[in-house]
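Chemist: just need the structure, nothing else, for what follows:
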Amino acid sequence: MRLPNFNSRFKGRRALFAMSALIFFAILAAALYSGSHAKTAAQAPPATTAAPGPDMVKLSDSQLSSIKVAAVADREFLVEKDAIGNIDFNEDRSVQVFAPFQGRIIQAFADLGDEVKKDQVLFTIESPDFIAAESNLISTAAALDQTSSALTRARALYASKGIDQNDYETAVASQQSAEGALRAARHAVAIFGVTETGIDQIVASRRVETALIVRSPLTGRITARNAAPGLLAQPGNAPAPYAVADLSTMWMLANVPEADSPQFKLGQPLRVAVMAFPDRSFNGKITAIGAAVDPNSRRITVRSEIKDPNHELKPQMFATFVIRTGAPVRAPAVPLNGVVREGDGTMSVWVVDNDPHRFTRRSVRIGHQQAGYDEILEGLKSGETIAVSGAIFLSNILYGGAS
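Modeler: Numbering: from 1, shown residues only. Down below sits the predicted model:
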């Protein structure tokens, strides 16, 4: 029996084992390579377009539907200045009606808000001074009658040699003195507002009128009444029994910045708006400009006279006036909704890029604001396309406030 050859068998198995190990490591290496390649491929970002810049926003189709765009066009802007103030009475046509002399009010005829005519009776007073002036008038009138009669007799006697020349001249002097006294007495009564006809009636009737009549010095409306029967009225002591104002015109008093004062001139026309009538304006003109600057506010008072034929304006109404200070100018105009005020106070608009989905923020400098448009002084040209509605939405997206 032949024994097997162990050496040759061992060599064969060793070769088989080496071959198997080589195959195993080859498979493992291939697997490791494949996994590493797959991981690298998974980590690489997909090929896309460039990301928007820091002042750029790209919208989806659904977001774009909420934005309205339009080309910038030139508009005409009026060169105007405005200021805030208050309505007041026209003091050139407003008077405090005092009694000319001290006395007690007998009767008051006009009430607050009444329309009165010039020379219309407002109230009557009982004045001792007026009674004394009337009494003196009656006395001097009687004295003149007496001296006139004496002069007539003296003239006749002098003609018939019944008296000498000295007596005749004495009668003439007495008559002339009486005439002067009567003229003075008439003037004294006229000071109380009595007309010439009234004075003649007092002289003819020889009757003293106890009621002194106080009339309205102008046509207007009663703006204040402090008169009451029995109240003691003294000339010049406030409050006056009545105040009368012509309300066809009113004043507006406004304080304008010192830097704007050179642009205001006397006679310049202006428009005034008040909160009580938001859809209307009142016409007027500048009638006075303050001569000094307020040291605290650095402003100058500008007074305007406003036409108010229907008596709609009231004193102390809050008002704003607008005045044209130069020729109109043409400039690029953007609707108010197309301009965004940034947190730092600057103004910006959103300009459409070549891609209609892309918008770029651009800072601009604005001027006048009129008729719903902002005047663009810098940063934008006519013809450029911008977001005229939804600009705030774009800003919110840029700062992460919307998606």
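Chemist: from memory I376 sits against P332, does it?
Modeler: Yes: when contacts are counted by CB atoms under 8 Å, I376 is listed as touching P332 (4.2 Å). Any C-beta I mention is one placed from the backbone N, CA and C, and that applies to glycine too.
Chemist: between those two, which is the more surrounded one?
Modeler: Here I376 and P332 are set side by side on neighbour count (other CB atoms under 10 Å), and the busier one is I376, at 25 against 22.
Chemist: so in terms of bridging, what pairs with the residue most central in space within the chain?
Modeler: Nearest to the geometric centre of the chain sits T320, at 1.6 Å (CA atoms, centre = their mean). Partner residues in beta bridges with T320, using DSSP bridges, are I84, A273.
Chemist: hang on, isn't it packed against I87?
Modeler: No: using CB under 8 Å, T320 is not in contact with I87, being 10.9 Å away.
Chemist: what do the two both touch?
Modeler: V274 (CB atoms under 8 Å, 6 or more residues apart in numbering).
Chemist: ok so, going back, identify the contacts common to I376 and P332.
Modeler: The overlap between the contact sets of I376 and P332 (CB under 8 Å, 6+ apart) consists of V72.
Chemist: burial count for G236?
Modeler: So G236, with other CB under 10 Å, has 8 neighbours.
Chemist: host element of it?
Modeler: Using DSSP states H and E, G236 maps to neither a helix nor a strand.
Chemist: now it. Its backbone dihedrals?
Modeler: The phi/psi pair for G236 (degrees, to the nearest 10) reads phi 90, psi -10.
Chemist: now do it against G400, distance only.
Modeler: Remark: distance between G236 and G400 (CB to CB, to the nearest Å) = 73 Å.
Chemist: cool, T124 as well?
Modeler: Distance, T124 to G400, using CB to CB: 81 Å.
Chemist: and those two? Which one has more around it.
Modeler: The residue with more neighbours, out of T124 and G400, is T124; 22 against 7, by other CB under 10 Å.
Chemist: tell me the contacts of the more buried one?
Modeler: T124 neighbours (CB under 8 Å, 6+ apart): 105-107, 211-214.
Chemist: redo that, cut-off 6 Å
Modeler: 106-107, 211, 213 (CB atoms under 6 Å, 6 or more residues apart in numbering).
Chemist: between these, which has the most around it?
Modeler: Result: I213 is most packed of the contacts of T124 (other CB under 10 Å), 19 neighbours.
Chemist: quick check: beta-bridge partners of that residue?
Modeler: Applying DSSP bridges, one finds that I213 bridges with T124.
Chemist: how far away is it from V121?
Modeler: For I213, the distance to V121 (CB to CB) stands at 6 Å.
Chemist: just L266 next, same as before
Modeler: 39 Å.
Chemist: which residue is the nearest non-sequential neighbour of L231?
Modeler: I105 (4.9 Å; CB to CB, 6 or more residues apart in numbering).
Chemist: can you check L59 too?
Modeler: Nearest in space to L59, with sequence neighbours left out and distances taken as CB to CB, 6+ apart, is H357 at 5.1 Å.
Chemist: what sits against that neighbour?
Modeler: Neighbour list for H357: 58-59, 64 [criterion: CB under 6 Å, 6+ apart].
Chemist: per-residue pLDDT, it?
Modeler: You'll see H357 listed with a pLDDT of 90.
Chemist: next: E134.
Modeler: The model's pLDDT for E134 equals 91.
Chemist: just confirm it is within a strand.
Modeler: No: with DSSP: H, G, I helix; E, B strand; the rest coil as the criterion, E134 is located in helix rather than a strand.
Chemist: I'd say it and V208 touch.
Modeler: Yes: E134 is within contact range of V208, at 4.6 Å (criterion: CB atoms under 6 Å).
Chemist: between those two, which is the more surrounded one?
Modeler: Ranked by neighbour count (other CB under 10 Å), E134 and V208 place E134 first, with 24 against 14.
Chemist: quick one: that one from A154, how far?
Modeler: Counting by CB to CB - E134 and A154 are separated by 31 Å.
Chemist: cool, and T223?
Modeler: 60 Å.
Chemist: more neighbours: which of those two?
Modeler: Remark: of T223 and A154, A154 carries more neighbours, 21 against 17, as counted by other CB under 10 Å.
Chemist: element containing that one?
Modeler: Following DSSP H and E, one finds A154 within helix 128-159.
Chemist: show me where the stretch 151-300 of the chain has helices.
Modeler: All helices of the stretch 151-300 of the chain, identified by DSSP state H, counting those that start in this stretch, fall at 165-190, 196-205.
Chemist: give me the pLDDT for H187.
Modeler: Per the predicted model, pLDDT is 94 at H187.
Chemist: meant to ask about I213
Modeler: I213 is given a pLDDT of 86.
Chemist: how close does it get to G367?
Modeler: 62 Å.
Chemist: how is this structure partitioned into domains?
Modeler: 56-77+329-398, 83-90+246-327, 99-127+209-245, 128-191 (automatic domain parsing).
Chemist: distance to V203 for those - can I get that in a markdown table?
Modeler: Shown next, in a markdown table, are the domains of the chain (distance: least, CB to CB, whole Å):
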| stretch | distance to V203 |
| --- | --- |
| domain 56-77+329-398 | 70 |
| domain 83-90+246-327 | 36 |
| domain 99-127+209-245 | 12 |
| domain 128-191 | 5 |
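Chemist: out of the ones you listed, which comes closest to D200?
Modeler: domain 128-191 (9.1 Å; CB to CB).
Chemist: for the closest one, how far is the first residue from the last?
Modeler: By CA to CA, to the nearest Å, the extent of domain 128-191 from end to end equals 14 Å.
Chemist: is it true that R271 touches S281?
Modeler: Yes: look at R271 against S281 with CB under 6 Å: they come within range, at 4.4 Å.
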